[in-house]
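[1] with the sequence up front, the predicted model follows.
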Amino acid sequence: MGSKNGKPVLREEDIASLTKSSGLDEAQVKEAFNAFVAEHPNGKMKPKDFREMMSKALPKKDASKMEKHVFRIYDSNNDGYIDFSEFMLIFFIMSDGTPEEVLTKIFRVFDVNSDGTITQKEMTKLIKDMYGLLKSEDPNLAAKELISKSAFAEMDKDQDGKVTTAEFIAACMGQDDLSKMLALKVIDIFVEDDA
(Lines give C-alpha, C1' and ligand atoms only; values in the text may rest on other atoms or scores of the structure.)
Protein backbone atom coordinates (compact mmCIF):
# COMPACT_ATOMS: atom_id res chain seq x y z
CA MET A 1 0.00 0.00 0.00
CA GLY A 2 1.18 3.45 -0.80
CA SER A 3 0.12 6.82 0.50
CA LYS A 4 -0.69 10.11 -1.13
CA ASN A 5 -0.87 13.33 0.92
CA GLY A 6 -0.82 11.16 4.05
CA LYS A 7 -3.84 9.15 2.92
CA PRO A 8 -3.56 5.42 2.12
CA VAL A 9 -3.91 4.51 -1.53
CA LEU A 10 -4.22 1.17 -3.24
CA ARG A 11 -1.55 0.86 -5.93
CA GLU A 12 -2.07 -1.16 -9.10
CA GLU A 13 0.38 -3.83 -7.90
CA ASP A 14 -1.57 -4.10 -4.61
CA ILE A 15 -4.80 -4.61 -6.54
CA ALA A 16 -3.18 -7.20 -8.82
CA SER A 17 -1.67 -9.07 -5.87
CA LEU A 18 -4.90 -9.02 -3.85
CA THR A 19 -7.10 -10.14 -6.75
CA LYS A 20 -4.74 -13.04 -7.29
CA SER A 21 -4.57 -14.06 -3.62
CA SER A 22 -8.14 -13.32 -2.52
CA GLY A 23 -10.22 -14.60 -5.41
CA LEU A 24 -12.01 -11.21 -5.48
CA ASP A 25 -12.17 -9.16 -8.65
CA GLU A 26 -10.65 -5.65 -8.94
CA ALA A 27 -13.90 -3.86 -8.10
CA GLN A 28 -14.41 -6.02 -4.99
CA VAL A 29 -10.84 -5.36 -3.80
CA LYS A 30 -11.33 -1.58 -4.27
CA GLU A 31 -14.68 -1.76 -2.46
CA ALA A 32 -13.13 -3.68 0.45
CA PHE A 33 -10.24 -1.18 0.57
CA ASN A 34 -12.62 1.80 0.62
CA ALA A 35 -14.63 0.20 3.44
CA PHE A 36 -11.39 -0.47 5.38
CA VAL A 37 -10.16 3.13 4.90
CA ALA A 38 -13.59 4.52 5.87
CA GLU A 39 -13.18 2.72 9.21
CA HIS A 40 -9.41 3.39 9.49
CA PRO A 41 -8.58 6.65 7.68
CA ASN A 42 -4.81 6.25 8.07
CA GLY A 43 -5.03 2.75 6.55
CA LYS A 44 -4.04 1.01 9.77
CA MET A 45 -6.25 -0.78 12.25
CA LYS A 46 -5.17 -0.08 15.82
CA PRO A 47 -5.38 -2.75 18.53
CA LYS A 48 -8.33 -0.80 20.05
CA ASP A 49 -10.31 -1.02 16.77
CA PHE A 50 -9.43 -4.70 16.51
CA ARG A 51 -10.66 -5.23 20.08
CA GLU A 52 -14.04 -3.73 19.13
CA MET A 53 -14.26 -6.03 16.10
CA MET A 54 -13.36 -9.06 18.25
CA SER A 55 -15.97 -8.19 20.89
CA LYS A 56 -18.65 -8.53 18.21
CA ALA A 57 -17.43 -12.05 17.42
CA LEU A 58 -16.88 -13.35 20.96
CA PRO A 59 -18.41 -12.98 24.39
CA LYS A 60 -16.88 -9.92 26.08
CA LYS A 61 -14.67 -11.61 28.68
CA ASP A 62 -13.30 -14.11 26.15
CA ALA A 63 -12.75 -11.42 23.49
CA SER A 64 -10.56 -9.33 25.77
CA LYS A 65 -8.38 -12.34 26.61
CA MET A 66 -8.10 -13.65 23.03
CA GLU A 67 -7.80 -10.33 21.20
CA LYS A 68 -4.02 -9.92 21.58
CA HIS A 69 -3.42 -13.51 20.45
CA VAL A 70 -5.59 -13.19 17.36
CA PHE A 71 -4.12 -9.74 16.58
CA ARG A 72 -0.74 -11.48 16.02
CA ILE A 73 -2.23 -13.54 13.17
CA TYR A 74 -3.06 -10.38 11.26
CA ASP A 75 -0.05 -8.23 12.18
CA SER A 76 2.44 -10.27 10.15
CA ASN A 77 5.16 -7.58 10.17
CA ASN A 78 4.79 -7.05 13.96
CA ASP A 79 4.45 -3.25 13.66
CA GLY A 80 1.54 -3.08 16.10
CA TYR A 81 -1.04 -2.29 13.40
CA ILE A 82 -3.03 -4.22 10.81
CA ASP A 83 -2.92 -2.72 7.33
CA PHE A 84 -5.32 -3.54 4.51
CA SER A 85 -3.03 -6.10 2.84
CA GLU A 86 -2.50 -7.97 6.13
CA PHE A 87 -6.24 -7.90 6.82
CA MET A 88 -7.16 -9.21 3.36
CA LEU A 89 -4.49 -11.93 3.43
CA ILE A 90 -5.90 -13.41 6.62
CA PHE A 91 -9.47 -13.01 5.44
CA PHE A 92 -8.61 -14.98 2.31
CA ILE A 93 -6.56 -17.69 4.06
CA MET A 94 -9.21 -18.24 6.72
CA SER A 95 -11.97 -18.53 4.11
CA ASP A 96 -10.23 -20.30 1.23
CA GLY A 97 -6.75 -21.34 2.33
CA THR A 98 -5.46 -24.89 2.43
CA PRO A 99 -5.46 -26.55 5.88
CA GLU A 100 -1.67 -26.02 6.02
CA GLU A 101 -2.02 -22.28 5.25
CA VAL A 102 -4.74 -21.86 7.88
CA LEU A 103 -2.74 -23.76 10.51
CA THR A 104 0.44 -21.79 9.73
CA LYS A 105 -1.50 -18.60 10.56
CA ILE A 106 -3.12 -20.14 13.64
CA PHE A 107 0.36 -21.10 14.85
CA ARG A 108 0.91 -17.33 15.38
CA VAL A 109 -1.89 -17.33 17.99
CA PHE A 110 0.07 -19.90 20.03
CA ASP A 111 3.51 -18.32 19.41
CA VAL A 112 3.06 -15.55 21.98
CA ASN A 113 6.50 -13.92 21.51
CA SER A 114 6.58 -14.44 17.70
CA ASP A 115 9.93 -16.26 17.73
CA GLY A 116 8.77 -19.10 15.48
CA THR A 117 8.31 -21.74 18.20
CA ILE A 118 5.79 -22.47 20.95
CA THR A 119 7.13 -23.15 24.45
CA GLN A 120 5.28 -24.85 27.32
CA LYS A 121 4.96 -21.40 28.96
CA GLU A 122 3.30 -19.95 25.84
CA MET A 123 0.94 -22.93 25.61
CA THR A 124 -0.02 -22.51 29.28
CA LYS A 125 -0.73 -18.79 28.78
CA LEU A 126 -2.89 -19.39 25.72
CA ILE A 127 -4.87 -22.22 27.37
CA LYS A 128 -5.45 -19.97 30.37
CA ASP A 129 -6.73 -17.18 28.09
CA MET A 130 -8.96 -19.41 25.95
CA TYR A 131 -10.21 -21.65 28.76
CA GLY A 132 -13.54 -19.79 28.94
CA LEU A 133 -14.19 -20.52 25.25
CA LEU A 134 -13.27 -24.19 25.66
CA LYS A 135 -15.23 -24.66 28.88
CA SER A 136 -18.42 -23.19 27.36
CA GLU A 137 -18.40 -26.03 24.84
CA ASP A 138 -17.45 -28.80 27.26
CA PRO A 139 -18.43 -28.17 30.90
CA ASN A 140 -16.55 -31.34 31.97
CA LEU A 141 -13.28 -30.11 30.51
CA ALA A 142 -10.08 -31.09 32.33
CA ALA A 143 -8.06 -28.54 34.29
CA LYS A 144 -6.10 -25.86 32.39
CA GLU A 145 -2.70 -27.25 33.44
CA LEU A 146 -3.58 -30.76 32.27
CA ILE A 147 -4.81 -29.54 28.88
CA SER A 148 -1.74 -27.37 28.46
CA LYS A 149 0.73 -30.14 29.33
CA SER A 150 -1.10 -32.77 27.27
CA ALA A 151 -1.49 -30.57 24.18
CA PHE A 152 2.18 -29.55 24.38
CA ALA A 153 3.27 -33.20 24.69
CA GLU A 154 1.11 -34.08 21.65
CA MET A 155 2.69 -31.36 19.55
CA ASP A 156 6.34 -31.56 20.68
CA LYS A 157 7.13 -34.77 18.78
CA ASP A 158 10.91 -34.54 19.16
CA GLN A 159 10.57 -33.57 22.84
CA ASP A 160 13.03 -30.67 22.57
CA GLY A 161 10.81 -28.35 24.64
CA LYS A 162 9.69 -26.32 21.63
CA VAL A 163 6.93 -26.80 19.08
CA THR A 164 7.80 -25.76 15.53
CA THR A 165 5.27 -24.77 12.86
CA ALA A 166 5.76 -28.19 11.21
CA GLU A 167 5.12 -30.05 14.50
CA PHE A 168 2.05 -27.89 15.16
CA ILE A 169 0.58 -28.59 11.71
CA ALA A 170 1.34 -32.32 11.96
CA ALA A 171 -0.35 -32.56 15.38
CA CYS A 172 -3.44 -30.64 14.24
CA MET A 173 -3.79 -32.61 11.02
CA GLY A 174 -3.04 -35.96 12.66
CA GLN A 175 -5.12 -37.85 15.16
CA ASP A 176 -4.05 -35.64 18.06
CA ASP A 177 -7.34 -34.75 19.73
CA LEU A 178 -6.30 -31.85 21.96
CA SER A 179 -4.25 -30.15 19.23
CA LYS A 180 -7.18 -30.43 16.83
CA MET A 181 -9.66 -29.12 19.40
CA LEU A 182 -7.50 -26.07 20.17
CA ALA A 183 -6.91 -25.22 16.50
CA LEU A 184 -10.63 -25.61 15.71
CA LYS A 185 -11.55 -23.36 18.63
CA VAL A 186 -9.29 -20.63 17.21
CA ILE A 187 -10.80 -21.14 13.73
CA ASP A 188 -14.27 -20.70 15.29
CA ILE A 189 -13.30 -17.11 16.09
CA PHE A 190 -13.02 -16.39 12.36
CA VAL A 191 -15.91 -18.42 11.03
CA GLU A 192 -19.38 -17.15 11.71
CA ASP A 193 -21.93 -19.74 12.72
CA ASP A 194 -24.55 -20.09 10.02
CA ALA A 195 -26.74 -22.28 12.22
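    It's in. Numbering: from 1, shown residues only.
[2] can you tell me how far Ile93 sits from Tyr74?
    11 Å (Cβ to Cβ, to the nearest Å). From N, CA and C alone the C-beta is placed, and that goes for glycine too.
[3] same check, this time on Val102
    Distance from Val102 to Tyr74, by Cβ to Cβ: 14 Å.
[4] what's the next secondary structure element after the lowest-mean-pLDDT helix or strand in the chain?
    Of the helices and strands making up the chain, the lowest-confidence element is strand 2-4, at a mean of 61, by mean pLDDT, DSSP states H and E. Downstream of strand 2-4, the first helix or strand assigned by DSSP states H and E is strand 7-9.
[5] that following strand - contacts with which helices or strands?
    Packing partners of strand 7-9 (3 or more Cβ pairs under 8 Å, 6 or more residues apart in numbering; DSSP states H and E): strand 2-4.
[6] how close does the residue most central in space within the chain get to Met66?
    Within the chain, one residue has its C-alpha closest to the average C-alpha position: by Cα atoms, centre = their mean, that is Ile73, at 3.7 Å. Look at Ile73 and Met66: by Cβ to Cβ, they are 11 Å apart.
[7] next, count neighbours for Asp177.
    12 (other Cβ atoms under 10 Å).
[8] contacting residues for it?
    For Asp177, the contact set (Cβ atoms under 8 Å, 6 or more residues apart in numbering) comprises Glu154.
[9] same thing but at 10 Å, please
    Ser150, Ala151, Glu154, Ala171 (Cβ atoms under 10 Å, 6 or more residues apart in numbering).
[10] residue boundaries of the helices in this structure?
    12-22, 26-39, 47-57, 60-74, 84-96, 99-110, 120-137, 144-155, 165-173, 177-190 (DSSP state H).
[11] in this structure Gln23 contacts Ser95, no?
    Just so we're on the same page, residue 23 is Gly rather than Gln. Yes - Gly23 lies in contact with Ser95 (Cβ atoms under 10 Å); the separation is 8.6 Å.
[12] mutual contacts of Ile73 and Met66, please.
    Val109, Val186, Ile189.
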